[in-house]
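Peer 1: need coordinates for the below:
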Amino acid sequence: MKVQIDKIDTNYVMQGEGETIVILPGWGCNTAVYKQITDSLSKHHKVICVDFPGAGDSSEPEEPWNVDDYVNFVITFLKKLHVKKASFIGHSNGGRVLLKLVSQKELPFEVEKLVFMGSAGIVSKKSMKQKFKIRMFKIAKVIFSIGVMKKLYPDFIENMRKKNGSADYNAASPVMRATLVKLVNEDLTHLLPGVKYSSLLIWGENDSATPLTQGKTFEKMIPDSGLVTVKNAGHYAFLEQPELVLRVLDSFYGVKGE
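Peer 2: The predicted structure is shown next:
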């Protein structure tokens, strides 16, 4: 399905009937990644899963976005679909967006339960080595972007990006690269104590993108929360251990009448 959201050609899936659950995806993920969750929960709920701008079959924004832009996008998207009440699942970047979404003073819909899966939102302190690499890149960017050096070494900056950037960063377009930089540099830890909704936290014990220590911080700081640690799983615990994750989700959201 497609809908226009502020000039963004937005792709989404919607299936099932009942109380609404909205899935907010991780960076670069499309609706197909969450098919098992969608298929399972849609047996007893209406499930909506969206491709964020610049991912899947949704078009890119014209300018780089920050977390607030994603929040406004979700609000407009759900208003367009006439959603009045919903629970949410936020994976990775989707969890980051969800955290800021439910921290808004007012929303045009009622929020029920929340699930954060390997959620982003906490900015880890950089090591001295990481800080040094960032500083060296910034210096090199200045030197090799002007005059003779740019003519002599036109690909130096791009090659340096490829060597030192993450896979997500290197695979992204210029607009989405700038968006990713904005997202990962905004620390939302201070918002955790203000989450007033019942929250389930699902984390792979071997998650290297958003380490389990961050899941424990979520549990410690969100008043009504519980952490499920998925053994032998990483950042995509719901794909690596689907039976366990689906049982946990079904138990948390429950089945009306059972």
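Peer 1: what residues sit buried inside stretch 212-219?
Peer 2: Using 16 or more other CB atoms under 10 Å as the test for burial, stretch 212-219 gives Leu212, Gln214, Gly215, Thr217, Phe218, Glu219. For glycine as for every other residue, the C-beta is placed from the backbone atoms N, C-alpha and C.
Peer 1: now, the residues you listed that are in strands?
Peer 2: Among the buried residues of stretch 212-219, DSSP state E puts none in strands.
Peer 1: quick one: the helices in the stretch 51-200 of the chain?
Peer 2: 67-80, 93-101, 128-143, 147-152, 156-164, 167-171, 174-184 (DSSP state H, counting those that start in this stretch).
Peer 1: out of the buried residues of stretch 212-219, which are inside helices?
Peer 2: Applying DSSP state H to the buried residues of stretch 212-219, the entries found in helices are Leu212, Gln214, Gly215, Thr217, Phe218, Glu219.
Peer 1: between these, which is closest to Leu99?
Peer 2: Phe218 (8.8 Å; CB to CB).
Peer 1: that closest one touches Phe116, doesn't it?
Peer 2: Yes: Phe218 is in contact with Phe116 according to CB atoms under 8 Å; the separation is 6.1 Å.
Peer 1: overlap of the contact sets of these two?
Peer 2: Ser199, Leu201 (CB atoms under 8 Å, 6 or more residues apart in numbering).
Peer 1: give me the below-cutoff pLDDT ranges for the chain.
Peer 2: Scanning the chain with the threshold set as pLDDT under 70 gives 125-166, 168-169, 255-258.
Peer 1: can we see that at 90?
Peer 2: 6, 124-172, 254-258 (pLDDT under 90).
Peer 1: sweet, I'm off.
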